[in-house]
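Asks: Attaching a predicted model along with its sequence, questions to come.
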Amino acid sequence: MSRKQIFSVCGMCTVRCPIMAEVNKGEVVFLQGNPHVPAMKGALCPRGAAGIALVKDSERPQYPMIRTGSRGEGKWRKAGWDEAFDYVSDRLKEISNAYGARSIAFSDRGGPFQDLHKAFMKGLGSPNYTNHDASCARNVDHACVSVTGLGRKDLVYDLKNARHVVLQFRNIFEAVNVQEVNNLTDALENGCKLTVIDIRANISATKANRFFMVRPGTDYAFNLAVIHELLANNLYDKDYAGLWIKDLDKLEAFVKPYTPEWAETETGICASELRQFVREFSEAKPSVIWHPGWMTARYRHSFYVCRSIYIINALLGSVGAKGGLPLANKPADVGRTGLRALADLYPKPADKRADGAGWKYPHFSDGPGIAHLLYKAMDSDDPYPVKAYIAYRHDPLMGISRS
């Protein structure tokens, strides 16, 4: 049997790992990580390896269906593609004519096709593209911008060269990013220390040098005490702080009450253990990574937890450092022009976003928006009616709270 090797990018989640597909007569017969990417080591996570099963799943919809009963009855009929396209386009035209293009909304799970979806919405004239990121990494991005002026993807996690890694809102060894798993595993084998802070003993905790089981909702208290210790005992990188950190005196005044003893009453973590951890973590600077996390929407103050993490990284000089959070290279950094996005071919819609991102809430990025606030707009018609909604490749009713 002759097989072709085709290199691509996995679309089973938003990590988008590089993959190699073995194809026989136009059919995928095997998937693995791209062997030419060293950090992949030829591996894929179970979700990526299941890509073949997704294509071949007998229960996967093979054709469009149009509802025939009332909403919620579960009554559908099979439709042809031409009929389905006509049905959707006619309804979108009707709604756009009656309420304006801004009344159409679209959300997705992210992944390699976001540009196409954004272009589709801009082509219609609607600003209301959003995705699942409100329940994932929006707090991380907003926190990074508020502290550093950079987006979270402007910084890279140099796990392979780190000397001490802290996982707080991140459970790498139970997650799907194969490169992160391999890089952190290599670092641990080379002597890197791992500290895990979580409300449960997860798999990452079993591989840690130190595990702090904090009370639910007390991560912020723990981090404030860490900042207090770094500043009170001069354990931070003074040279780095002198060059790059503004208003350090105000930060010092802010965290003065938040001692390890205070944090012990909040978190349940012994003050002496917290102090010992801070000393050890500081000794590894600047090659330290306090991972700012994913799925950082657990509590009302999760945004501030993410901010505190970036502040700790900055205090230890890890932003821009090898083994820390170096700056991501962009095409312009090497004298090249990057690919132009399809969505950039369309003008930005004149209307404001229904979820308020970028205008009502100027501290929220207007890129992927805030999905749960979009649903509130659907309920209230404030600031205007949203009458059509396309949900692509995710389940917003299960994945995103309206509250």
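Replies: Nice, I can see it. Numbering: from 1, shown residues only.
Asks: Could you pull out the helices in the stretch 301-403 of the chain for me?
Replies: For the stretch 301-403 of the chain, the helices defined by DSSP state H, counting those that start in this stretch cover 302-315, 371-380, 396-399.
Asks: So which of these is the most surrounded?
Replies: helix 302-315 (a mean of 23; mean count of other Cβ atoms under 10 Å). (Glycine included, C-beta is placed from N, CA and C.)
Asks: residues touching the residue nearest the centre of the chain, list them.
Replies: With distances taken as Cα atoms, centre = their mean, the residue of the chain nearest its centroid is residue 137 (3.4 Å). Going by Cβ atoms under 8 Å, 6 or more residues apart in numbering, residue 137 touches 152, 293, 294, 295, 296.
Asks: Restricted to buried residues, select the residues you listed in ChimeraX.
Replies: One line in ChimeraX is enough to select the buried ones among the contacts of residue 137; burial here means 16 or more other Cβ atoms under 10 Å:
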select :152,293,294,296
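Asks: Let me have the contacts of residue 137 in TSV, extended by distance to residue 302, secondary structure and pLDDT.
Replies: Formatted as TSV, the contacts of residue 137 follow (distance: Cβ to Cβ, whole Å; DSSP: H, G, I helix; E, B strand; the rest coil; pLDDT from 0 to 100):
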residue	distance to residue 302	secondary structure	pLDDT
152	14	helix	91
293	9	coil	89
294	11	coil	82
295	9	coil	75
296	5	coil	77
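Asks: among the contacts of residue 137, which two are most distant?
Replies: Greatest spatial distance among the contacts of residue 137 (Cβ to Cβ): 152 and 295, at 13.4 Å.
Asks: Make sure residue 221 is actually in contact with residue 268.
Replies: No: in this structure residue 221 lies outside contact range of residue 268 using Cβ atoms under 8 Å: 10.2 Å.
Asks: of the two, who's got more company?
Replies: Between residue 221 and residue 268, residue 221 has the larger neighbour count (other Cβ atoms under 10 Å), namely 22 against 13.
Asks: In what element of secondary structure is the more buried one found?
Replies: Assigned by DSSP states H and E, residue 221 falls within helix 219-232.
Asks: That helix: which residues count as buried?
Replies: Buried positions in helix 219-232, judged by neighbour count with 16+ other Cβ under 10 Å: 219-231.
Asks: Quick one: mean pLDDT over that helix.
Replies: What helix 219-232 shows for mean pLDDT is 98.
Asks: Quick one: mean pLDDT for the helix or strand following that helix?
Replies: Moving toward the C-terminus from helix 219-232, the next helix or strand (DSSP H and E) is helix 238-244. Averaging pLDDT along helix 238-244 gives 97.
Asks: Which residues does helix 238-244 contact?
Replies: Under the criterion Cβ under 8 Å, 6+ apart, residues 248, 286, 314, 315, 316, 317, 319 lie in contact with helix 238-244.
Asks: For these, name the two members farthest from one another.
Replies: Largest separation among the contacts of helix 238-244 by Cβ to Cβ: 248 and 286, giving 16.7 Å.
Asks: quick one: contacts for residue 161?
Replies: Counting by Cβ under 8 Å, 6+ apart, residue 161 makes contact with 187, 287, 322, 323.
Asks: Mind giving me the ChimeraX select for those, buried ones only?
Replies: Filtering the contacts of residue 161 down to the buried ones (16+ other Cβ under 10 Å) takes a single ChimeraX command:
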select :187,287,323
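Asks: Adding distance to residue 361 and pLDDT, write the contacts of residue 161 out as a markdown table.
Replies: Shown next, in a markdown table, are the contacts of residue 161 (distance: Cβ to Cβ, whole Å; pLDDT from 0 to 100):
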| residue | distance to residue 361 | pLDDT |
| --- | --- | --- |
| 187 | 38 | 97 |
| 287 | 36 | 98 |
| 322 | 36 | 97 |
| 323 | 36 | 97 |
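Asks: of the contacts of residue 161, closest to residue 332?
Replies: Of the contacts of residue 161, the one sitting nearest to residue 332 (Cβ to Cβ) turns out to be residue 322, at 21.9 Å.
Asks: With adjacent residues omitted, what lies nearest to the closest one?
Replies: In this structure, residue 322 finds its nearest non-sequential neighbour in residue 161, 5.4 Å apart by Cβ to Cβ, 6 or more residues apart in numbering.
Asks: and what of residue 363?
Replies: residue 142 (6.5 Å).
Asks: now do residue 390
Replies: Spatial nearest neighbour of residue 390, chain neighbours left out: residue 106 (4.6 Å); criterion: Cβ to Cβ, 6+ apart.
Asks: Give the partner strands of the strand or helix carrying the one you found in its sheet and their orientations.
Replies: Assessed by DSSP H and E, residue 106 sits inside strand 104-108. The pairing partners recorded for strand 104-108 under DSSP bridges are strand 129-131 (parallel), strand 388-392 (parallel).
Asks: Let me see the ranges of the helices in the stretch 1-150 of the chain.
Replies: Under DSSP H, counting those that start in this stretch, the stretch 1-150 of the chain gives helices at 46-49, 51-56, 81-99, 114-124, 138-148.
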